[in-house]
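[1] My questions are about this predicted structure, shown below with the sequence.
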Amino acid sequence: MNILVLCTGNSCRSQMAHGYLEHFTRGKASIYSAGVETHGVNPKAIAIMQEDGIDISNHTSNNLEEYLNIPFDYILTVCDNANERCPFFPGKAERLHYNFFDPSKVEGTEEEIHAAFTKTRNQIKEYCKNLIQEIQ
């Protein structure tokens, strides 16, 4: 099974979803993440995932055009911008969408920023856990 997670910059939400989907599928699926642009992996996303025992520090920020020839079973967009800008993928991929809040846009104290990343991470974790239970 091939799953693609799409976001605007492939830096935060899609990277977290990628990490959790790999965790919950336990190697029984190939997980890819990409953006309609590439912004690099957000260090705060790496740190917040590490707090939950998921290491995404080796992830790279990829452009969706790199994956146009892969036969995906599921394409998950995790923000409205990516959902609107996602091109047609040939094949039978089922499109799924959930607009997660972007914690990288939060300005404030370190505690407020950390709380935003924690909230989004936990929502993505729950969504990914439920998704994998549904499709496996």
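    Happy to help now that I have it.
[2] Going by C-alpha atoms from here, please, whenever you check contacts or count neighbours.
    OK.
[3] Make sure residue 120 is indeed in a helix.
    Yes - per DSSP: H, G, I helix; E, B strand; the rest coil, residue 120 lies within a helix segment.
[4] which stretches of this structure aren't confidently modelled?
    Confidence mapping of the chain against pLDDT under 70 gives the ranges 86-88, 90.
[5] ok, 90 please
    Within the chain, the set of residues satisfying pLDDT under 90 comprises 8, 27, 36-37, 65, 68-69, 80-92, 136.
[6] which residues touch the most far-flung residue of it relative to its centre?
    Ranked by distance from the centre of the chain (CA atoms, centre = their mean), the top residue is residue 109, with 25.0 Å. For residue 109, no contacting residues are found, by CA atoms under 8 Å, 6 or more residues apart in numbering.
[7] I'd like the distance between it and residue 11.
    Residue 109 sits at a distance of 21 Å from residue 11 (criterion: CA to CA, to the nearest Å).
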